[in-house]
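Student: From the sequence below, what's the structure:
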Amino acid sequence: MMKILHVSCSPRGQFSESYRISRKIIEFLRVKEPSAVLTNRVIGGGAIAHIDASYASALGATESSFAEAFPMGSMSRSEELIQELERSDYVVIGTPMHNFTVPSALKAWIDHVVRVRRTFNSTKEGYVGRLRDRPVFVAVSSGGRYSGERARQPDFLTPYLRAILGIIGLHDLTVFAIEGSALGPDALVEARIRADQAIEDHFRSFVVPSHSPDQRA
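Tutor: Prediction:
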């Protein structure tokens, strides 16, 4: 049975543009596989605390620590979020762009799931992801435009997500965006139409891959 993890990052919740298009992605996935089970992880508005001192110390250690063997605090929350991610066949992240990059809520989630000796190994050759790859769909809403000829701001969100999720083994990343949501009603309508069309075009030819048990190195 297909499992979808929906990570919702906006403090505006269901009223946000990123939430709207992320739900549209989920609708298309459910058309492909109607029996899919959905897990909603709402992290906007400070639902996930930033990492604590014990967790930070464990990540800085060269060997596994007591905190990893007997998780409490941030380490316990990390394990919960990682297992949630491991169980998923698809990940849908709905996020606003704050100051050209990821909001602090999404960064807090990333800090919990990108964990040395758990979701990636640090080797002499570099970082090696321990999670099996799976499709990750990112629904981004931005007040300004960051792509195309009318771009007026940089984009540090997309390359960062590709890099950081790639470290843990998630390379199959597809981004859909609402750009220019703060540029007036007409611009918002145009952005919605473009995003909806891009999602529809993508899933017209999307094939649900076969699922296999999670593999770790």
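
Student: next one: stretch 132-147 to chain centre, how far?
Tutor: 8 Å (Cα atoms, centre = their mean, to the nearest Å).

Student: Buried residues in that stretch, which are they?
Tutor: Across stretch 132-147, burial judged by 16 or more other Cβ atoms under 10 Å covers 133-146. Backbone N, C-alpha and C define where each C-beta goes, glycine included.

Student: Do me a favour and average the pLDDT over it.
Tutor: Summarised as a single mean, pLDDT over stretch 132-147 is 96.

Student: Endpoints of that stretch, how far apart?
Tutor: End-to-end span of stretch 132-147 (Cα to Cα, to the nearest Å): 30 Å.

Student: same check, this time on stretch 179-186
Tutor: Note: stretch 179-186 ends 12 Å apart using Cα to Cα.

Student: Contacts for it next, please.
Tutor: Stretch 179-186 is touched from outside by 17, 141-148, 150, 187-188, 190-191, with contacts defined as Cβ atoms under 8 Å, 6 or more residues apart in numbering.

Student: repeat that for 10 Å
Tutor: Residues outside stretch 179-186 that contact it (Cβ atoms under 10 Å, 6 or more residues apart in numbering): 16-18, 96-97, 140-148, 150-153, 155, 187-188, 190-192, 194-195.

Student: Let's test this: mean pLDDT of it, rounded?
Tutor: Stretch 179-186 shows a mean pLDDT of 94.

Student: Likewise for stretch 55-62?
Tutor: 88.

Student: How about stretch 82-101?
Tutor: Mean predicted lDDT for stretch 82-101 stands at 97.

Student: Check whether D89 really touches L38, as I assumed.
Tutor: No. Shown here, D89 and L38 do not form a contact pair, counting by Cβ atoms under 10 Å, at 11.3 Å.

Student: Of the two, give the one with the bigger neighbour count.
Tutor: D89 (22 against 15; other Cβ atoms under 10 Å).
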